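Q: With the input below, show me the fold.
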Amino acid sequence: MTAEKIDWGGQREGEATKAEHAFAMSLDTLVPGLDYWLHADDDGTPWLLVSQDIVEGDAVRDTLRLDFDARGIRGGWSPACLNWDDGVRAEEALIDLSGPDGLLYLADGAPVEDLARRAAAWFTAPKRGRWAD
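A: Numbers count the residues shown, from 1 in each chain. Predicted structure coming up:
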């Protein structure tokens, strides 16, 4: 998959926002093969969930998930491999954003490309909190 051809999933109708598209293009260049899910809050506020399944044999062992929006990026382990928390913001799904595998980075005016670089570093970093290799 090239960055120009992100396979958007999710529950939100319509196109990705300009920021979501730029974030996904930048992130996909750095970490190809992630899944991108478009969502919106009840008030219509758009947000993007990015996930990576950890597959062992033929089964999904765990799922890392990251939320992106105008506030920044937040990530951690999905409590249910996105079986019930897809479409639920990280905070509402009680994702541990602070643990050794958590991520919380406020945008605070940072360029989208910087957020994508931070997200890529997080997705590719060794994970310690949930299970050890």
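
Q: my read: residue 61 touches residue 55, true?
A: Yes: with contact defined as C-beta atoms under 8 Å, residue 61 reaches residue 55; the gap is 6.7 Å. For the C-beta atoms, the positions are set from N, CA and C on the backbone; glycine is no exception.

Q: Partner strands of the helix or strand hosting residue 105 and their direction?
A: Using DSSP states H and E, residue 105 falls within strand 103-106. Here strand 103-106 has these sheet partners by DSSP bridges: strand 72-77 (antiparallel).

Q: Strands along this structure, start to end?
A: 8-10, 35-40, 46-56, 59-69, 72-77, 103-106 (DSSP state E).

Q: next one: the second one to chain centre, how far?
A: What separates the centre of strand 35-40 from the centre of its chain is 9 Å, taken as C-alpha atoms, centre = their mean, to the nearest Å.

Q: Please apply the same query to the first one.
A: Taking the mean C-alpha point of strand 8-10 and that of its whole chain, the gap between them comes to 12 Å (C-alpha atoms, centre = their mean).

Q: next one: the last one
A: Going by C-alpha atoms, centre = their mean, the spacing between the C-alpha centre of strand 103-106 and its chain's C-alpha centre is 12 Å.

Q: swap in stretch 102-117?
A: 12 Å.

Q: go on, stretch 53-70?
A: Here stretch 53-70 is found 9 Å from its chain centre; the criterion is C-alpha atoms, centre = their mean.

Q: which outside residues touch it?
A: With C-beta atoms under 8 Å, 6 or more residues apart in numbering as the contact definition, stretch 53-70 has outside contacts at 19-20, 23, 35, 45-52, 73-78, 81-82, 85, 89-90, 95, 101, 103, 107, 115, 119, 122-123, 127, 130-131.

Q: now with 6 Å?
A: 23, 47-52, 73-75, 78, 81-82, 90, 119, 130 (C-beta atoms under 6 Å, 6 or more residues apart in numbering).

Q: With that, I have no additional questions.
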